[in-house]
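Engineer: here is a sequence with its predicted model. Questions after.
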Amino acid sequence: MADEIRISEDRLRAAVRMLFASAGSNEREQRLVADHLVEANLRGHDSHGVGMIPAYIANFAAGEMKLNATPTVAVDTGALIVCDGGMGLGQSIAHDSVALAVERARDKGSCILSLRNSHHIGRIGHWSEQCAAAGLVSLHFVNVISDPAVAPFGGRAARIGTNPVSIGVPRRGQEPVIVDFATSKLAVGKVRVAYNKGAPVPDGVLLDAAGEPTNDPAALFEEPRGTLLPFGDHKGWGLALACELLAGALSGGGTQHHPKRRQAIVNNMFSVVVSPDAVGTTETFFPQIDAFIAWARTPLPGRDAPVLIAGEPERRVRAERIRDGVPVDGTTWDQIGAAAETVGLARATLQQAAGLA
């Protein structure tokens, strides 16, 4: 297997759909999971793209993730909804839950969504984009119950997940502002990509099992395991803590307060979705966004260093990968092929669907 292969986005979507069809996903779920995973790759977030498939299929085989599930509404007060994912495939569970929140926010002006007990819901910016496409502002806080992978600020042992945050703001006639980041210095998936490639991680990201700094991504995946550090020291830790309390404790889905007990990757999400129309500031909201961004981009005289707005780097990478194909490292593609075989899909057939045969 080559160190890296390139697959066109349409071929990669087809291969993902075929794999999940073999596992038993219905046509709609095949489309949702393929669109989500491939879109993550297209935007440069390989950590949350097709490289997640082996973990998903392993959890499905272990009975830790359900296909073709739909969220159930546990609490409904009109503008506040609590959805239970029942450990369904996160890409479809979160899509349907966020779609319900979008519908309510359009009707009520705002909606608080608490989603609990979903399998891994992927790149959180995807859900901000779903709301922004409907013209709505949204905030999303997520906790992870799985293998603790991040140390609290001041600590040297993994006690919490990478707990992502995303905020989406629509713009009139332009692409939305999408803030999306893990509260650790790197997402676990990005360390996994480095591990599969045999590449080091930057300084200040990882501690080994003895609590000492290391650049070796194996520290996160080989025993004895080390830990990631929060970004921004106490600031990232504070945000991670807020995610744990809002998404995990408030939803009823639970917090990460013990070592890994099951194979599943459990996500809970606390979201706030708001309609600018309901706030009554639509006429000033969009011009004020444009005015601020123009001001932020204004360079010092004689300096022309570009100022990027959240979401722009992803769109640049997306354009490149639409043109050149999606890069997938050889180890990850081999793992996807092995996952395909466990659900009865021959590697050769997967290769053909991906345009590699």
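Structural biologist: Good, I have the coordinates. Residues are numbered from 1 along each chain as shown.
Engineer: residue 62 touches residue 263, doesn't it?
Structural biologist: Yes. Between residue 62 and residue 263 a contact is recorded at 5.0 Å, counting by Cβ atoms under 8 Å. Every C-beta, even on glycine, is put in place using the N, C-alpha and C of the backbone.
Engineer: these two: who's more crowded?
Structural biologist: residue 263 (15 against 11; other Cβ atoms under 10 Å).
Engineer: state the helix or strand in which that one lies.
Structural biologist: Using DSSP states H and E, residue 263 falls within no helix or strand.
Engineer: surely residue 261 is in a helix?
Structural biologist: No. Per DSSP: H, G, I helix; E, B strand; the rest coil, residue 261 lies outside any helix segment and is coil.
Engineer: that one and residue 159, how far apart?
Structural biologist: 15 Å (Cβ to Cβ, to the nearest Å).
Engineer: those two - which one has more neighbours?
Structural biologist: More crowded of residue 261 and residue 159, by other Cβ under 10 Å: residue 159, with 18 against 8.
Engineer: per-residue confidence at the more buried one?
Structural biologist: We have a pLDDT of 97 for residue 159.
Engineer: quick one: residues contacting it.
Structural biologist: 148, 150-152, 256 (Cβ atoms under 8 Å, 6 or more residues apart in numbering).
Engineer: okay, now the closest residue to residue 216 other than its chain neighbours: neighbour count?
Structural biologist: Spatially, and ignoring its direct neighbours in sequence, residue 216 is nearest to residue 200 (6.6 Å; Cβ to Cβ, 6 or more residues apart in numbering). Neighbour count of residue 200, defined by other Cβ under 10 Å: 13.
Engineer: tell me the contacts of residue 200?
Structural biologist: 194, 215-217.
Engineer: tell me the SS of it?
Structural biologist: coil.
Engineer: quick one, strands of the stretch 151-300 of the chain?
Structural biologist: Assigned by DSSP state E, counting those that start in this stretch, the strands in the stretch 151-300 of the chain fall at 165-171, 174-181, 206-207, 213-214, 227-228, 266-274.
Engineer: what mean pLDDT does stretch 218-231 get?
Structural biologist: Mean predicted lDDT for stretch 218-231 stands at 95.
Engineer: buried sites along it?
Structural biologist: Buried residues in stretch 218-231, defined by neighbour count with 16 or more other Cβ atoms under 10 Å: 218-220, 225-231.
Engineer: same list, the residues you listed, but as JSON lines with distance to residue 336 please.
Structural biologist: As requested, those are arranged in JSON lines below (distance: Cβ to Cβ, whole Å):
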{"residue": "218", "distance to residue 336": "21"}
{"residue": "219", "distance to residue 336": "24"}
{"residue": "220", "distance to residue 336": "20"}
{"residue": "225", "distance to residue 336": "24"}
{"residue": "226", "distance to residue 336": "26"}
{"residue": "227", "distance to residue 336": "27"}
{"residue": "228", "distance to residue 336": "24"}
{"residue": "229", "distance to residue 336": "30"}
{"residue": "230", "distance to residue 336": "31"}
{"residue": "231", "distance to residue 336": "29"}
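Engineer: by contact count, what packs against the longest helix seen in the chain?
Structural biologist: Ranked by number of residues, the top helix in the chain under DSSP state H is helix 90-108. Packing partners of helix 90-108 (3 or more Cβ pairs under 8 Å, 6 or more residues apart in numbering; DSSP states H and E): helix 27-42, strand 80-84, strand 110-119, helix 125-133, strand 266-274.
Engineer: quick one: which of those is nearest residue 313?
Structural biologist: The closest of those to residue 313 is helix 125-133. By Cβ to Cβ, the value is 11.6 Å.
Engineer: just want the angle from that closest one to strand 266-274.
Structural biologist: Using axes from the mean of the first three to the mean of the last three Cα atoms, to 10 degrees, the inter-axis angle of helix 125-133 relative to strand 266-274 is 20 degrees.
Engineer: just give me how far helix 125-133 sits from the chain centre.
Structural biologist: 12 Å (Cα atoms, centre = their mean, to the nearest Å).
Engineer: by contact count, what packs against the helix or strand just after it?
Structural biologist: Moving toward the C-terminus from helix 125-133, the next helix or strand (DSSP H and E) is strand 137-145. For strand 137-145, the contact count by 3+ Cβ pairs under 8 Å, 6+ apart identifies helix 125-133, strand 165-171, helix 234-243, strand 266-274 as packing neighbours.
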